[in-house]
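Undergrad: Just the structure for this:
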Amino acid sequence: MVLSKRERYIGIGAIGAVLALAVSSLIIGPYTERTATLKHDLAAAKNTLADDENLVRAQKNRLPEWNAMLNNGLQADDSTARSRTQQMLQTWARTANINLDAISSEPAPSQKGPFEAVNFNLDFNTSGGDTMRQISRFLWALESATIPIRINSIRIQSEKEGTDQLNVKLVVSALYMPTTNSNSSGGGADFLNEFEGMQ
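TA: Purely as a prediction, here's the structure:
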């Protein structure tokens, strides 16, 4: 059978189309998919590297803060931790012109790692036009403290309806790290990592 010139062109075109489809599906398609996967993996690796570098820088920047916490009583026994924290709470209250009517402490549930904690229950009344400023000063002293202390709960209620007499009840936790053979070196990166994980 003799094919016409037109039929030969159609046949060649059909064979070319089949070959192009085969090349696309067997070579170009997998290559494109692999390239996209590699680009995605490279972007994820760069993000992980950036996160790790930021963590290293943050840990280095926080070492002075960590050392200050150690020097201010983080590394202490139970009675020392209670006494120092109670003294600081009284000092912050006086600075804010607040008289603490009641302050008590009790052990907190077990903490992660080498840390222990004490919960302090604070109760005070305040009144007058400077009431909220006094409370704010006291709360800021807690938040900006150089010892590891945090506010667990706060309740503010009016003593009498329509007056500026407020009763404030606070529960704050203070961490301390009893000295043992494993942490007697004065802290370090491992303890700093555990402390940051608790915040």
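
Undergrad: the strands in the protein, which residues?
TA: 100-107, 116-126, 149-158, 166-176 (DSSP state E).

Undergrad: what's the closest of those strands to N54?
TA: Taking Cβ to Cβ, strand 149-158 is the member of the strands of the chain nearest to N54, at 23.7 Å. In short, each C-beta sits where N, CA and C put it, glycine included.

Undergrad: Partner strands of that closest one, with direction?
TA: strand 166-176 (antiparallel) (DSSP bridges).

Undergrad: Can I get stretch 159-167 in CSV? Just the C-alpha atoms.
TA: This file holds the C-alpha atoms of stretch 159-167, laid out as CSV (Å, rounded to 0.1, in the frame of the first residue of the first chain):
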residue,chain,number,x,y,z
GLU,A,159,-16.2,46.3,98.6
LYS,A,160,-19.3,48.4,98.4
GLU,A,161,-21.5,49.0,95.3
GLY,A,162,-20.8,52.4,93.8
THR,A,163,-17.6,53.1,95.7
ASP,A,164,-13.9,53.1,94.8
GLN,A,165,-13.0,50.7,97.6
LEU,A,166,-11.6,47.6,95.9
ASN,A,167,-10.5,44.2,97.3
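
Undergrad: For D123, see how far away the closest residue to Q90 other than its chain neighbours is.
TA: Nearest non-adjacent residue to Q90, counting by Cβ to Cβ, 6 or more residues apart in numbering: L100, 6.6 Å away. Distance, L100 to D123, using Cβ to Cβ, to the nearest Å: 7 Å.

Undergrad: of the two, who's got more company?
TA: Applying other Cβ atoms under 10 Å to L100 and D123 shows that L100 carries more neighbours, namely 18 against 14.

Undergrad: Report the contact partners of that one.
TA: Contact analysis of L100 by Cβ atoms under 8 Å, 6 or more residues apart in numbering lists 89-90, 93, 122-124.

Undergrad: got the contact list for L42?
TA: L42 touches nothing, counting by Cβ under 8 Å, 6+ apart.

Undergrad: I meant to write N121 there.
TA: Counting by Cβ under 8 Å, 6+ apart, N121 has contacts 102-106, 169-171.

Undergrad: Now render those residues as TSV, adding pLDDT and distance to T48.
TA: Output for the contacts of N121, formatted as TSV (pLDDT from 0 to 100; distance: Cβ to Cβ, whole Å):
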residue	pLDDT	distance to T48
A102	86	50
I103	88	46
S104	89	47
S105	86	43
E106	86	43
K169	92	45
L170	91	41
V171	93	39
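
Undergrad: Now flag whichever of the residues you listed is closest to D52.
TA: Among the contacts of N121, and counting by Cβ to Cβ, the member closest to D52 is V171, at 36.5 Å.

Undergrad: Now for that closest one: which residues touch it?
TA: Neighbouring residues of V171 by Cβ under 8 Å, 6+ apart: 119-122, 151-154.

Undergrad: again with L142
TA: 92, 149-151, 172.

Undergrad: Mark which of those are buried, thanks.
TA: The neighbour count (16 or more other Cβ atoms under 10 Å) marks 92, 149, 172 as buried among the contacts of L142.
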